[in-house]
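Asker: Provided below for reference: sequence and predicted model.
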Amino acid sequence: MRKKTTVARISNSSTANIIDAAASTGSAQAGAERRVTSYDVALLAGVSQSAVSRCFKPGASVSPATHAKVMQAAIALDYIPNAAARSLITRRSNLVAVIISNLANLYYPQILSELSQQIARQGKRLLLFTLEREADIGKALCDVWQYQVDGAIVAAWLSDEQMAEFARRDVPLVLFNRNPRDNAVPAVLCDQAEAARLLVSRLAEAGHRQFAIIDGPGDSAVAQERKSGVLDRLLELRLPAPIVVSGNYNYASGGHGLRKVIDRLGRVPDAVICGNDIMAIGCLDTARHELGIQVPLQMSVAGFDALEASGWLSYDITTLRQPVQKMAIEAVAMLNDRMERRGGSAERRRYCSYLVEGSTARLSAEPVYIAQRFGMMAAA
């Protein structure tokens with residue numbers, strides 16, 4: 001017959017007495033027979049079960065003396081809080097869904113690291129959902145609902161119906177680097193089009209006339225905003241229409257794209273603007289090592305995102321850096337506010353990239369920094 005475990009109630013708060021009480025009653029062996037619960041900890045520490053729960057809830061109000069007794073009892077009993085059981089009581093999973101696209105680029109690990117740290121500071125955990133393409137968001141959402149997350153940060157394009165589904169299920173939503181059409185959805189984003197416009201301005205001021213674009217995926221909102229910014233600024237400057245070729249945000253796209261540009265144009269363009277740094281690196285390697293093009297003397301190359309490899313000495317890409325840490329902090333703060341208040345304003349927090357002047361592009365002598373000209377903008 002299975003031995004019944006008993007726990008003695010004590011009033012002395014010293015660590016030694018708590019451990020002795022746990023050992024004398026056989027509680028040290030309780031883990032081998034059944035899982036230790038918060039009720040066992042409460043009985044041993046001489047406090048209520050709700051006091052134990054508060055001790056393991058970030059930000060909850062509990063006296064130092066009670067906290068010390070509970071922690072000592074928990075150590076003596078080798079107690080680990082049951083997140084699933086707690087969620088049944090609080091009706092919170094303490095999970096925040098983060099949805100991103102695999103095609104985004106190598107820049108996203110930095111974003112994920114920042115988001116994870118900020119979410120953990122709120123006492124929650126990041127639950128990651130990755131997409132092969134942004135168009136696959138519908139499949140991912142089916143999984144998101146199953147985990148009953150407390151909120152979501154989405155770095156992918158959502159339809160009006162999908163955004164409405166978050167509201168219907170009462171799951172707070174913040175968009176990351178996506179500009180929502182629905183004014184009721186908060187967002188943290190960089191002005192991709194304006195960054196592209198100012199990059200074109202700097203290149204044009206330095207004498208570049210014939211541009212080419214190696215575009216990102218067609219279903220990437222960020223890629224299309226960047227391309228739109230380039231096209232709009234070139235039109236304003238009355239420069240020749242650029243050669244535009246499609247890419248896939250990967251290294252091979254950069255090399256293939258450059259060959260297509262030269263084939264269609266019949267010569268080397270003055271400047272190639274790539275949708276991200278990975279494609280810019282592929283373009284640069286192909287230009288230098290396969291086609292014998294002198295960069296930036298014969299052709300300038302620029303990218304976006306300022307990923308780590310773009311700063312390596314062999315590349316030193318001219319690129320645009322987004323304030324990832326600030327964006328992550330703001331996104332999590334906005335989401336936490338909506339999770340706590342179940343409402344709040346649908347604020348848009350707009351940030352601007354700043355130019356990293358690498359050695360792969362000839363730029364105008366007078367630097368025009370994006371941050372200085374536009375700064376950070378906030379709109380409700």
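Answerer: Sure thing, it's come through.
Asker: in stretch 128-138, what's buried?
Answerer: Of the residues in stretch 128-138, F129, T130, L131, E134, D136, I137 count as buried by neighbour count, 16 or more other C-beta atoms under 10 Å. Placement of C-beta: from N, CA and C, glycine included.
Asker: export the residues you listed to TSV and tack on pLDDT?
Answerer: Converted to TSV, the buried residues of stretch 128-138 look like this (pLDDT from 0 to 100):
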residue	pLDDT
F129	92
T130	88
L131	88
E134	79
D136	85
I137	90
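Asker: biggest separation within the residues you listed, which pair?
Answerer: The distance between the two most remote of these (C-beta to C-beta) is 12.1 Å, for F129 and E134.
Asker: strands - which of the buried residues of stretch 128-138 land there?
Answerer: The strands, defined by DSSP state E, take in F129, T130, L131 from the buried residues of stretch 128-138.
Asker: so which of those residues is the closest to E340?
Answerer: For these, with E340 as the reference and C-beta to C-beta as the criterion, the closest is F129, at 23.2 Å.
Asker: how far away is the closest one from V222?
Answerer: F129 is 18 Å from V222, where distance means C-beta to C-beta, to the nearest Å.
Asker: any weak-confidence spans in this structure?
Answerer: For the chain, the stretches with pLDDT under 70 are 1-33, 58-59, 82-92, 103-108, 182-183, 342-345, 365-380.
Asker: same thing but at 50, please
Answerer: Scanning the chain with the threshold set as pLDDT under 50 gives 1-20, 23-32, 88-90, 105, 367-380.
Asker: how many neighbours does the closest residue in space to L175 that isn't next to it in sequence have?
Answerer: Among residues not flanking L175 along the chain, A187 sits closest, at 4.0 Å (C-beta to C-beta, 6 or more residues apart in numbering). Neighbour count of A187, defined by other C-beta atoms under 10 Å: 22.
Asker: bridging residues for A187?
Answerer: L175, R348 (DSSP bridges).
Asker: ok, it - contacts?
Answerer: V174, L175, F176, R178, N179, P180, R348, R349 (C-beta atoms under 8 Å, 6 or more residues apart in numbering).
Asker: same deal with R169?
Answerer: R169 neighbours (C-beta under 8 Å, 6+ apart): W145.
Asker: look up how far V332 lies from it.
Answerer: 20 Å.
Asker: and for R54?
Answerer: Taken as C-beta to C-beta, the span from R54 to V332 is 24 Å.
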